[in-house]
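>>> I would like to see how this sequence folds:
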Amino acid sequence: MVNRLVGDVGPGFPDESYRTGGDQERWINIPEEILDILYRWRPSPLYRAKYLEAALGTPARIYYKNEGVSPPGSHKPNTAVAQAWYNKKFGIKR
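Residues are numbered from 1 along each chain as shown. Here you go, the predicted model:
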């Protein structure tokens with residue numbers, strides 16, 4: 001991983017949008033406004049794990065989210081939403 005200094009990305013990029021790229025924290029807080037936008041077009045349906053239920057011999061129903069696919073076909077929209085949100089928040093127009 002390349003470590004980047006905050007403010008080292010050049011003009012036109014708010015520091016906050018790049019803090020997450022080299023952050024060593026396990027969890028990064030995502031602003032609610034960004035999550036709201038992502039939830040509108042990036043659904044994560046639940047799937048039932050029937051074979052796992054059978055293997056465990058459990059009467060419980062086990063569900064999981066399949067995060068292995070991206071409905072738009074790319075991970076790029078996920079980062080583009082955050083970058084656009086931070087640029088708008090900090091008044092960057094170019």
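
>>> contacts, neighbours, all on C-alpha from now
Noted.

>>> count of neighbours near the nearest residue in space to residue 46 that is not next to it in sequence?
Spatial nearest neighbour of residue 46, excluding adjacent residues (CA to CA, 6 or more residues apart in numbering): residue 65 at 4.7 Å. Close neighbours of residue 65, defined as other CA atoms under 10 Å, add up to 11.

>>> Tell me who's in contact with residue 65.
44-47 (CA atoms under 8 Å, 6 or more residues apart in numbering).

>>> Now flag whichever of the residues you listed is closest to residue 34.
Distances from residue 34 to those, taken as CA to CA, are shortest for residue 44 (16.0 Å).

>>> elements contacting the longest helix belonging to the chain?
If you go by DSSP state H, the chain has its longest helix at helix 76-89. Secondary-structure packing of helix 76-89 (3 or more CA pairs under 8 Å, 6 or more residues apart in numbering; DSSP states H and E): helix 15-22, helix 32-41.

>>> quick revisit: residue 82 versus the residue nearest to residue 46, what's the distance?
Here the criterion is CA to CA, to the nearest Å. By it, residue 65 lies 22 Å from residue 82.

>>> And residue 52, by the same measure?
Counting by CA to CA, the gap from residue 52 to residue 82 is 36 Å.

>>> Between the two, which has more neighbouring residues?
Each of residue 52 and residue 82 has its neighbours counted (other CA under 10 Å); residue 82 has more, 21 against 13.

>>> Report the separation between the closest residue to that one other than its chain neighbours and residue 64.
Of all residues not flanking residue 82 in the chain, residue 34 sits nearest, at 6.2 Å (CA to CA, 6+ apart). Distance, residue 34 to residue 64, by CA to CA: 23 Å.
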